[in-house]
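Engineer: Let me see the structure of the following:
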Amino acid sequence: MLDPRVLRPLVAEASLAPSVHNIQPTRWRPEDGRVVVTADPARRLPIGNPEGRDIAVSHGCAVEGFRIAAASQGLAVEVAPDGSDVAVLTLKGVAEVDPLAAFVGARRTYRGRFEASPSARDACARLAETCPDLVMLQEQEAIADLAALYDDASLRWFRRADYRAELVSWMRLSRRHADWARDGLNAEAMAMSPLEAAGAGLVLRPGVFEALDKVGLARALVAEAPIVRSATAVALFHRPADEPPFETGRRFYRVWLAFTQAGLSASPMAVLADDEAASASLRAAYGLGLDRRLITAFRLGLAPARRQPPKPRLPLESLILL
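Structural biologist: Coordinates of the predicted model:
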């Protein structure tokens, strides 16, 4: 059995990794000197992600976070994936500190408007040159076109009552919500004022959204084009089409940490990859062949200086299975 004094801080740092809807599906079980990592089946997204791909990507993010944390303690981690939901981690040997480790705590999803910044433009340009997994869109016309595509795709998904219900189940629109500080998407993290959060709760109710859509108001209420257009750049993140989603998740986390290292704030726009029409349009426009999979699009830029709210996270007692 691994010493809890070793395991607990590693899992605590690994839990800071991103996950779809911040559902935090990864569980850690010490066993025979190793750590068996599984996905909690209760945290599936049967409507938005029935095949479980996003869960496996989230799983890979957490495992990469564990590896980064262990390296900061001088420990090397051997990762042996076993399907999409299981991996076995063995602490062995000596590792050097990962250069991205210093940015784990600073990484945030920023969903507000970005500030104009020459330094952010330079950072995006450098990332475009050094990261082959990114197509970096910096022209304002291209960003505006993508913003409209994003709103079109979002509206298609919001029109699905089952999808809205699943999304709302993971939204924490009031501080009175029991899981406000534990998981999901709370209003503060989504850059919503209390008034905006209350409005979102009303608009997304069954029947209300359909009525608003019928009179042509739904699109304006869910649109994010003005926020997207404020981005310094939008990065299309793509990976090999045959890559297991667990491995994609490990790379996903490192790319996001690289954004933070470059002084950029980021917000993923996953619907552009999940929506078939939007994904096909972007693949055709930017030459992504059949050997590549569009994973997501990140809007990037400089966020205004502000107090960083704590990340909603589950307690370690929920994450470590003994």
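Engineer: Just name the shakiest helix or strand of this protein by mean pLDDT.
Structural biologist: strand 86-94 (a mean of 90; mean pLDDT, DSSP states H and E).
Engineer: Just checking: what are the partner strands of it?
Structural biologist: Here strand 86-94 is paired, per DSSP bridges, with strand 34-39 (antiparallel), strand 75-81 (antiparallel).
Engineer: quick one: the strands in the stretch 51-200 of the chain?
Structural biologist: 75-81, 86-94, 134-137, 171-172, 185-186 (DSSP state E, counting those that start in this stretch).
Engineer: who wins for proximity to S267 among those?
Structural biologist: With C-beta to C-beta as the criterion, S267 lies closest to strand 185-186 of the strands of the stretch 51-200 of the chain, at 11.8 Å. For the C-beta atoms, the positions are set from N, CA and C on the backbone; glycine is no exception.
Engineer: Over that closest one, what's the mean pLDDT, rounded is fine.
Structural biologist: Per-region confidence: strand 185-186 scores 96 on mean pLDDT.
Engineer: From the contact counts, what lies against that strand?
Structural biologist: Applying 3 or more C-beta pairs under 8 Å, 6 or more residues apart in numbering; DSSP states H and E, we find strand 185-186 packed against strand 171-172.
Engineer: Could you list the paired strands of the strand it packs on along with their orientation?
Structural biologist: Going by DSSP bridges, the partners of strand 171-172 are strand 185-186 (parallel).
Engineer: for stretch 96-104, how far is the first residue from the last?
Structural biologist: Distance across stretch 96-104, first residue to last, is 16 Å (C-alpha to C-alpha, to the nearest Å).
Engineer: which of the residues in it are buried?
Structural biologist: For stretch 96-104, the neighbour count (16 or more other C-beta atoms under 10 Å) marks D98, L100, F103, V104 as buried.
Engineer: Tell me the one among those nearest to S279.
Structural biologist: Checking the buried residues of stretch 96-104 one by one against S279 (C-beta to C-beta), the nearest turns out to be L100, at 27.9 Å.
Engineer: In TSV, list the strands of the stretch 51-200 of the chain along with mean neighbour count.
Structural biologist: Shown next, in TSV, are these (neighbours: other C-beta atoms under 10 Å):
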stretch	mean neighbour count
strand 75-81	15
strand 86-94	15
strand 134-137	21
strand 171-172	21
strand 185-186	22
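Engineer: Including distance to M269, could these go into TSV?
Structural biologist: Conversion of these to TSV gives the following (distance: least, C-beta to C-beta, whole Å):
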stretch	distance to M269
strand 75-81	27
strand 86-94	28
strand 134-137	12
strand 171-172	17
strand 185-186	14
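Engineer: Was I right to think A235 contacts L127?
Structural biologist: Yes - with contacts defined as C-beta atoms under 8 Å, A235 counts as touching L127 at a distance of 7.2 Å.
Engineer: So which residues make contact with stretch 248-257?
Structural biologist: Residues outside stretch 248-257 that contact it (C-beta atoms under 8 Å, 6 or more residues apart in numbering): 17-18, 56-65, 100, 103-104, 107, 131, 133-134, 237, 239, 266, 293, 295-296, 298.
Engineer: 7 Å instead, please
Structural biologist: Stretch 248-257 is contacted by residues 17-18, 56-61, 63-65, 100, 103-104, 107, 131, 133, 237, 239, 266, 295 when judged by C-beta atoms under 7 Å, 6 or more residues apart in numbering.
Engineer: Alpha carbons only: can I get stretch 62-72 in CSV?
Structural biologist: What follows is stretch 62-72, C-alpha atoms only, in CSV (Å, rounded to 0.1, in the frame of the first residue of the first chain):
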residue,chain,number,x,y,z
ALA,A,62,-6.1,13.6,-14.5
VAL,A,63,-3.4,11.0,-15.0
GLU,A,64,-1.1,13.4,-16.7
GLY,A,65,-1.7,15.8,-13.7
PHE,A,66,-0.7,12.9,-11.4
ARG,A,67,2.5,12.4,-13.4
ILE,A,68,3.4,16.1,-13.3
ALA,A,69,2.8,16.2,-9.5
ALA,A,70,4.9,13.1,-8.9
ALA,A,71,7.8,14.5,-11.0
SER,A,72,7.8,17.6,-8.7
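Engineer: residues of it that come out buried?
Structural biologist: In stretch 62-72, counting by 16+ other C-beta under 10 Å, buried: A62, V63, E64, G65, F66, R67, I68, A69, A70, A71, S72.
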